[in-house]
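**Student:** dropping the sequence and predicted coords here.
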Number of protein chains: 2
Amino acid sequence: MAMSGTDLSRMREMNQLSVLWALRGTAPSTVTELAGRTGLSRPAADVLVQQLVADGWAEVEEPGASSTVGRPARRYRFRANAGHVLGIDIGVHKILVMLCDLEGNPVQSLRRPADPQAGPAERLAAVDQTIDDVLREAGMAAPDIWAITVGVTGPVDENGRSIISTPLPGWREADPVAHLRIRFTCPIRVENDCKLAAVAERWKGVAQDADDIVYLLAGLRTGAGLIIDGTLRRGHGGVAGEIGALKAVRWLNAPDHLTAYSGAPSGAKPGEAAAWVFQAAREGDSAAKTAVQRYIRDLAVGVAALVLTLDPQIVVYGGGFSRSADLVLDPLRRELAKHCLRVPELRASTLSDEGVALGALRLALDQVDNILLSSQLAAPVAPQFS
Amino acid sequence: MAMSGTDLSRMREMNQLSVLWALRGTAPSTVTELAGRTGLSRPAADVLVQQLVADGWAEVEEPGASSTVGRPARRYRFRANAGHVLGIDIGVHKILVMLCDLEGNPVQSLRRPADPQAGPAERLAAVDQTIDDVLREAGMAAPDIWAITVGVTGPVDENGRSIISTPLPGWREADPVAHLRIRFTCPIRVENDCKLAAVAERWKGVAQDADDIVYLLAGLRTGAGLIIDGTLRRGHGGVAGEIGALKAVRWLNAPDHLTAYSGAPSGAKPGEAAAWVFQAAREGDSAAKTAVQRYIRDLAVGVAALVLTLDPQIVVYGGGFSRSADLVLDPLRRELAKHCLRVPELRASTLSDEGVALGALRLALDQVDNILLSSQLAAPVAPQFS
DNA sequence: GGACTTAGTAAACTGCGTAGCATTATTCTG
DNA sequence: CAGAATAATGCTACGCAGTTTACTAAGTCC
């Protein structure tokens, strides 16, 4: 813990940042409001916000029709479109690229189907193409992007590479960070999809009120993302949450109970077959009900291991199967009650299949924030990778 | 994230704190050294440290025989004995009270055997007695204590009560915080023993270099304490790490493999019997070796669940059985390799049975630090519970 | 149209850290 | 033993940032 001494110029930086944070994420504010929110005096808030305007971080909104007594106040607004970030979900079947501004407002997004068999080069080329289209439609170029986060399936190491295992064919050889670095000089980060989806739930999903969250990505593959004390935890080697590797936890095979159900039309893809089972169970088919029951029973052991380890406030049930959460949540809750000392809240995700890309956006925004906080506040330009 | 504006007086507080932190945990420092360490100018460091002396936080050491040319510098020293904290381990068989100063230097400690059958009132009376003796021998009274942390076996809720379960007879009715509050007005905290032992390993034990640690308390009871990103994690309900509750994890019964061994002298207590098994295994007794092997195999499943969930840098094997770590570490490492994606380092604790009390001291010191950091720096007196 | 309310602006004031220089206390050197 | 070299201390002038206070500007309300 190394605190360093402060002098007046640093104090000014801090206050300027403080005004910037007070400006952000709220409706356009008057100087008086800013002063109140920062604890600074009005004159101080005034010169600081004017400096922000001069630097390009804020813009003025001249007073319009006043609704209250007294002289109408100028309002200042954070220039959310001073920069943008990209959130990218590279999946087996699809590529999703989302673009948002510095306040997280969505600007553009594009989903493309992907060839499940495609190798890394082909897949990355498709990603490039999708990025290009998004940028073009938004009227932007690479330098306008301040940070990028990419989500991929499977464990990701600190350099963004998937060394251990991945369902994406040939992806172990891929180096997505290096690939994107050719065109983008901003910070680039690659992260596991479950972890990003967990972040998204806390940002815009059903877990906004919690600091300790276990996110379940439930689909043909089962995974988890952990948020502890409000921060995404990767673990020392980036494989936190991979409880499915434990044999006593039958996560790997739990979805087999669903796909083995014979009621689905032959020729249906495994994912569709699972949807059939849920639908059949909903309609009362007893074989389907048993399959779902067994799936939940196996799933619950792993969830219980995560819950007992972390004692989270909320468990979010997300992923492809979360559309059938109505069948899963109550039985899963009962199973957890058998195993756990304290049963956390169980909620179903509502972010459909945008969770990963949304979480990627959030992490990219966090990167921008960190850079803004650490360095002095220069004019708004894309931070460079160093 | 609410940043608040800073004015000059706050800046001064911050700089004063910065000097205080620079002063602490180092040999007595000259003003020039302090200036270098804080980044402040020499005159600024000078007036700040003199203020600290006036407030009682620091003291001057007049220059003695100088070893270098030039005018000898006055040296300033943090007054570590301006306050003290207590760390208390309330166990089934013993009570351990430790007293240290603000830099964590041990001042006094006292261990008392406890009656395993004793109820809460009796046990707390013994604790009081031990505290009294420690304070008397150190020449102190209750107001000299700035913070207290107590470790007990079993899950502890945020109020310091053991609602769920505890091996201490009748302890669910006990309210140790309220009991101590009668005599002490400082912050008091009660925490689970495994968690405290984990903290101790990072402070003075074998895990000082790590930020992500799983601590195993291995004895007749098996438990775990988790440190993630350098911070102790309690979980939302205070039961993080209690993986033993899961039936698929056979932690509760794992030590039975040891105590069931028939080679120990009849009449030996269970703990002694376990030691016998380890000794017999060390000497080549095949039944004992099998017992140890089975113990490790069952233990490993739970450890693997923790490791897969958290992906820590280090697993520390502590608790009563850690004296036999020579027999356990290698086989346990092999077992973990079977289960885990990435096997963390495995180390044996060396803190013997002082770990819990040491961790309690560390948490008490952390409480003092937090109070110092948040409030303005007044003269050094015991912070009051509010 | 005058009273009232609120925003914007400009001054004087206070406090803090810095820079630079004189002073002091030692050791080194001839 | 005296003088040079060295390094810490003490003091003063300076600049900067935020606060306070007072005054002006621009609206609404009655």
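**Tutor:** Looks like it came in fine.

**Student:** need the nearest residue in space to A:E62, chain neighbours excluded.
**Tutor:** The shortest distance from A:E62 to any residue that is not its chain neighbour, by Cβ to Cβ, 6 or more residues apart in numbering or on different chains, is 6.4 Å, and that residue is A:R74. Placement of C-beta: from N, CA and C, glycine included.

**Student:** same question for A:A147.
**Tutor:** Residue nearest to A:A147 in three dimensions, not counting chain neighbours: A:A364, with 4.0 Å by Cβ to Cβ, 6+ apart.

**Student:** let's verify the one you found: helix, strand, or coil?
**Tutor:** Taken by DSSP: H, G, I helix; E, B strand; the rest coil, the conformation at A:A364 corresponds to helix.

**Student:** mind pulling up the pLDDT for A:L377?
**Tutor:** In this model, A:L377 is scored at 67, pLDDT.

**Student:** what about the closest residue to A:A82 other than its chain neighbours, distance to chain B?
**Tutor:** Leaving aside its sequence neighbours, A:A82 sits nearest to A:P380 (Cβ to Cβ, 6+ apart; 4.0 Å). In this structure, A:P380 lies at 18 Å from chain B, with Cβ to the nearest Cβ, to the nearest Å as the measure.

**Student:** hang on, isn't A:P380 packed against A:V53?
**Tutor:** No. Look at A:P380 against A:V53 with Cβ atoms under 8 Å: they stay out of range, at 11.7 Å.

**Student:** neighbour count winner among the two?
**Tutor:** More neighbours surround A:P380 than the other of A:P380 and A:V53, with 18 against 15 (other Cβ atoms under 10 Å in any protein chain shown).

**Student:** convert stretch A:296-303 to CSV, retaining C-alpha atoms only.
**Tutor:** The C-alpha atoms that make up stretch A:296-303 are tabulated as CSV, following Å, rounded to 0.1, in the frame of the first residue of the first chain:
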residue,chain,number,x,y,z
ILE,A,296,-31.3,-30.8,-13.1
ARG,A,297,-30.2,-33.3,-10.6
ASP,A,298,-26.8,-33.6,-12.2
LEU,A,299,-26.5,-29.9,-12.8
ALA,A,300,-27.3,-29.2,-9.2
VAL,A,301,-24.3,-31.0,-7.8
GLY,A,302,-21.9,-28.6,-9.6
VAL,A,303,-23.9,-25.6,-8.8
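
**Student:** picking up where we left off before, residues touching the residue nearest to A:A82, list them.
**Tutor:** Under the criterion of Cβ atoms under 8 Å, 6 or more residues apart in numbering or on different chains, the contact list for A:P380 reads A:D55, A:G56, A:W57, A:R79, A:A82, A:G83.

**Student:** buried ones among these?
**Tutor:** Buried subset of the contacts of A:P380 (neighbour count, 16 or more other Cβ atoms under 10 Å in any protein chain shown): A:D55, A:W57, A:R79, A:A82, A:G83.

**Student:** per-residue pLDDT, the second one?
**Tutor:** Yep, that's A:W57 we're talking about. We have a pLDDT of 92 for A:W57.

**Student:** pull up the gap between it and A:L23, please.
**Tutor:** In this structure, A:W57 lies at 8 Å from A:L23, with Cβ to Cβ, to the nearest Å as the measure.

**Student:** cool, and the last one?
**Tutor:** Here the distance between A:G83 and A:L23 works out to 15 Å (Cβ to Cβ).

**Student:** A:L48 versus A:Q16, what's the distance?
**Tutor:** Between A:Q16 and A:L48 the computed distance is 5 Å (Cβ to Cβ).

**Student:** the closest residue to A:L306 other than its chain neighbours: what's it in contact with?
**Tutor:** With sequence-adjacent residues excluded and distances taken as Cβ to Cβ, 6+ apart, A:L306 is closest to A:V214, at 5.0 Å. Contact criterion Cβ under 8 Å, 6+ apart gives A:198, A:224-226, A:303, A:306-307, A:310, A:312, A:314-316, A:344 as the residues in contact with A:V214.

**Student:** just the ones of the residues you listed in helices?
**Tutor:** A:A198, A:V303, A:L306, A:V307, A:L310 (DSSP state H).

**Student:** go ahead and confirm the fourth one touches A:E335.
**Tutor:** No. Applying Cβ under 8 Å as the test, A:V307 and A:E335 come out as separate, 11.1 Å apart.

**Student:** these two - which one has more neighbours?
**Tutor:** It is A:V307, of A:V307 and A:E335, that has more neighbours when counted by other Cβ under 10 Å, with 29 against 20.

**Student:** run a quick neighbour tally on the closest residue to the more buried one other than its chain neighbours.
**Tutor:** Across the structure, with Cβ to Cβ, 6+ apart as the measure, the residue nearest A:V307 apart from its sequence neighbours is A:C340 (5.2 Å). Counted with other Cβ under 10 Å, the neighbours of A:C340 add up to 21.

**Student:** quick check: which element contains whichever residue of the stretch 1-150 of chain A sits closest to DNA strand C?
**Tutor:** Scanning the stretch 1-150 of chain A for proximity to DNA strand C using Cβ to the nearest atom of the strand identifies A:G70 as nearest, at 2.1 Å. In this structure, A:G70 sits in neither a helix nor a strand according to DSSP states H and E.

**Student:** who are the contact partners of it?
**Tutor:** For A:G70, the set of contacting residues under the criterion of Cβ under 8 Å, 6+ apart is empty.

**Student:** quick one: end-to-end length of stretch A:77-95, please.
**Tutor:** By Cα to Cα, to the nearest Å, the extent of stretch A:77-95 from end to end equals 34 Å.

**Student:** er, stretch A:110-130 actually
**Tutor:** When the end residues of stretch A:110-130 are compared by Cα to Cα, they are separated by 7 Å.

**Student:** for it, give me every contacting residue.
**Tutor:** Against stretch A:110-130 from outside (Cβ under 8 Å, 6+ apart): A:88, A:90-97, A:133-134, A:137, A:168-171, A:173-174, A:176, A:179, A:183.

**Student:** of those, grab the buried ones for PyMOL.
**Tutor:** The buried subset of those, as determined by 16+ other Cβ under 10 Å, is captured in PyMOL by this line:
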select buried, chain A and resi 88+90+91+92+95+96+97+134+168+171+174+176+179
